[in-house]
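[1] Could you look at this predicted model? Sequence included:
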Amino acid sequence: MSDCGGEWQVARRRKGASRSSKSLQVSVAGGQEPLDVGKTVKRIRDTVSELRCEEFWHDWKQQLLVAASASVSKPPEDTDTKDRPVREGRSCQRLECVCYGLGPFSSCVASRYQLAMLLLLLDAGEIPLKDCSVYDPAFSSAEMDVLRELGLTVLTENEEGKRLANNPTFFYLMHCGKALYNNLLWKNWSTQCLPLMVIIGNSFSGMRERTTEKEFKRDYSYISKAVDFSVERKLPCPSRLIDVFNDSAVITFPSNSLNRLPQPTWTDPPEPLYQHSSDLEIILKETQS
């Protein structure tokens, strides 16, 4: 049954909290019009409601729940977890979320839809908004205020994707550069950390198809290795949103696949340097203004 008619709240206001922030206006750089935080939040909520009524959203939701269930608790080998909700496998551990690379969602329609999808996925996975950390060097100060108003946690440091998954973590990386994925894999390159990760973002196999073999293995070695042992489930995308959600997949790293690899696979993985990459598709800390 469709849940399109229900009211969806992105954040609950604390009792007694000021309501003035709903009409807060924040100036943005470049002499543009001030960004109305309240109106921007409403626009995002409207986009959430629109996506909630889309048929393809239910496939995204189900794929996240299946992947998250496996990451938070290893099921018995003879148990089919295909339709098990994530909450049933989450006894002591709760899924966290990290989102990189949303882009300027106040001015970019595609970024706004991607943010709305993130909020839907957080709701589906029962991940508290405060447990989702977001970062993009492209965010304006006004956009960071919008994200905080929604209830999300805004990171202030450019991690370059080098975030260690100490707990089960859902990484939302829509249309990010290959270097960011490669950095994330390097930081978690072990049989202990990789199974804790659920990635929704660009298809690894799609990256391989669009990159020369020499460049792929030399510059993005962790993706080139992971594409062979990760499990990738393509996500549907309607034609009208092809620029927003195309080439998206849920990517997981099952322990049984990792444990079959030779031990040297995991020994002293070198940090990526990208010395030969002219178009890195990522803003590094030292080049960030």
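    Everything's here; your move.
[2] Secondary structure element holding residue 149?
    helix 141-150 (DSSP states H and E).
[3] ok, and for the one helix or strand residue 232 maps to, which residues are buried?
    For residue 232, the host element (DSSP H and E) is strand 231-234. For strand 231-234, the neighbour count (16 or more other CB atoms under 10 Å) marks residue 232 as buried. The way it works is simple: take the backbone N, C-alpha and C, and place the C-beta from them, glycine included.
[4] likewise stretch 223-240?
    223, 224, 225, 226, 227, 230, 232, 235, 237.
[5] and stretch 171-184, average pLDDT?
    Average pLDDT, stretch 171-184: 96.
[6] What is the distance between it and the centre of its chain?
    Relative to its parent chain, stretch 171-184 has a centroid offset of 9 Å by CA atoms, centre = their mean, to the nearest Å.
[7] For it, output the C-alpha coordinates as PDB.
    The C-alpha trace of stretch 171-184 is given here as PDB (Å, rounded to 0.1, in the frame of the first residue of the first chain):
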ATOM      1  CA  PHE A 171      27.900   5.600   2.700                       C
ATOM      2  CA  TYR A 172      25.900   7.700   0.300                       C
ATOM      3  CA  LEU A 173      28.100   8.900  -2.500                       C
ATOM      4  CA  MET A 174      26.000  10.000  -5.500                       C
ATOM      5  CA  HIS A 175      28.100  10.800  -8.600                       C
ATOM      6  CA  CYS A 176      31.300  11.300  -6.600                       C
ATOM      7  CA  GLY A 177      34.700  11.100  -8.200                       C
ATOM      8  CA  LYS A 178      36.600   7.800  -8.400                       C
ATOM      9  CA  ALA A 179      39.300   9.000  -6.100                       C
ATOM     10  CA  LEU A 180      36.800   9.500  -3.200                       C
ATOM     11  CA  TYR A 181      35.700   5.900  -3.600                       C
ATOM     12  CA  ASN A 182      39.200   4.700  -3.900                       C
ATOM     13  CA  ASN A 183      40.200   6.600  -0.700                       C
ATOM     14  CA  LEU A 184      37.300   5.100   1.200                       C
END
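[8] Okay, now the unreliable bits of the stretch 1-150 of the chain?
    Applying pLDDT under 70 to the stretch 1-150 of the chain picks out residues 1-33, 73-92.
[9] hmm, back to that, which other residues reach the strand holding residue 232?
    63, 67, 203-205, 248-254, 257 (CB atoms under 8 Å, 6 or more residues apart in numbering).
[10] buried subset of those residues?
    63, 67, 203, 204, 205, 248, 249, 250, 251, 252, 253, 257.
[11] hmm, which two among those are most spread apart?
    Largest separation among the buried ones among the contacts of strand 231-234 by CB to CB: 248 and 257, giving 21.6 Å.
[12] List the buried residues of the helix holding residue 149.
    142, 143, 144, 145, 146, 147, 148, 149, 150.
[13] and if you look at stretch 123-138?
    Neighbour counts over stretch 123-138 (16+ other CB under 10 Å) mark 123, 124, 125, 127, 129, 131, 132, 133, 134, 135, 136 as buried.
[14] cool, stretch 197-214 as well?
    Applying 16+ other CB under 10 Å to stretch 197-214 flags 197-208, 211 as buried.
[15] Can you name the secondary structure element that comes next after the top helix by length along the chain?
    The longest helix of the chain (DSSP state H) is helix 55-72. With elements assigned by DSSP H and E, the helix or strand that comes after helix 55-72 is strand 96-100.
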